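> okay, sequence plus prediction incoming.
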Amino acid sequence: MGLGEQLEEDLRRALRAGDALRVSTIRLTRAAIKNAEIEKRRTLTDEEIQDILLTEVKRRREAIEAFQRGGRDELAHKESLEMAILTGYLPAPLGEEELRRIIAEVVGDLGAASPAEVGRVMAAVMPRVRRRAEGAVVNRLVREALGA
């Protein structure tokens, strides 16, 4: 079952169970997916749907930070619950040790040795860890590996 079908099935289950938060979260996500399908004029692949889910998770994370700065903890909590629902549809994130291993491998393959080569290393690492690690975390670890 593809990710789109999984979202549809989970929406049906949430409607039957009366889980309003899950229903609204999945509906908003499906609307974003539908808009992307209309824009591209075709059905999206699972990878493209994962990209949309990542965007939605990032929006929730930014909203949580904004609500916490504004002292709106109840809204931050709601956003964190929505983020947890969406994260359940994404592949498990890579641990820091696994990321360090991949980065060390790429650094060795490229022969990178100076902080000036961060961009080159990032360009080689990101396709390998896409959807499983945040760019900011990867960038920090690449800088550490190159002594920046």
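Structure received.

> rounded mean pLDDT for stretch 27-35, please.
For stretch 27-35, mean pLDDT is 96.

> so the closest residue to Ala76 other than its chain neighbours: helix, strand or coil?
Counting by CB to CB, 6 or more residues apart in numbering, Ala76 lies nearest to Phe67, which is 3.9 Å off, once chain neighbours are set aside. In short, each C-beta sits where N, CA and C put it, glycine included. Following DSSP: H, G, I helix; E, B strand; the rest coil, Phe67 is assigned to helix.

> for the residue most central in space within the chain, give me the pLDDT.
When CA atoms, centre = their mean is applied to the chain, the residue found nearest the centroid is Leu54 (3.0 Å). In this model, Leu54 is scored at 91, pLDDT.

> can you give me phi and psi for it?
The phi and psi torsions at Leu54 (degrees, to the nearest 10) take the values phi -60, psi -40.

> correct me, but Arg22 touches Leu7?
No - judged on CB atoms under 8 Å, Arg22 makes no contact with Leu7 at a distance of 10.7 Å.

> dump the residue contacts of Gly4.
Contacts for Gly4 (CB atoms under 8 Å, 6 or more residues apart in numbering) come out as Ile33, Thr43, Leu44, Asp46, Ile49.

> among those residues, which ones are buried?
The neighbour-count test (16 or more other CB atoms under 10 Å) marks Ile33, Leu44, Ile49 as buried among the contacts of Gly4.

> kind regards, and thank you for your time.
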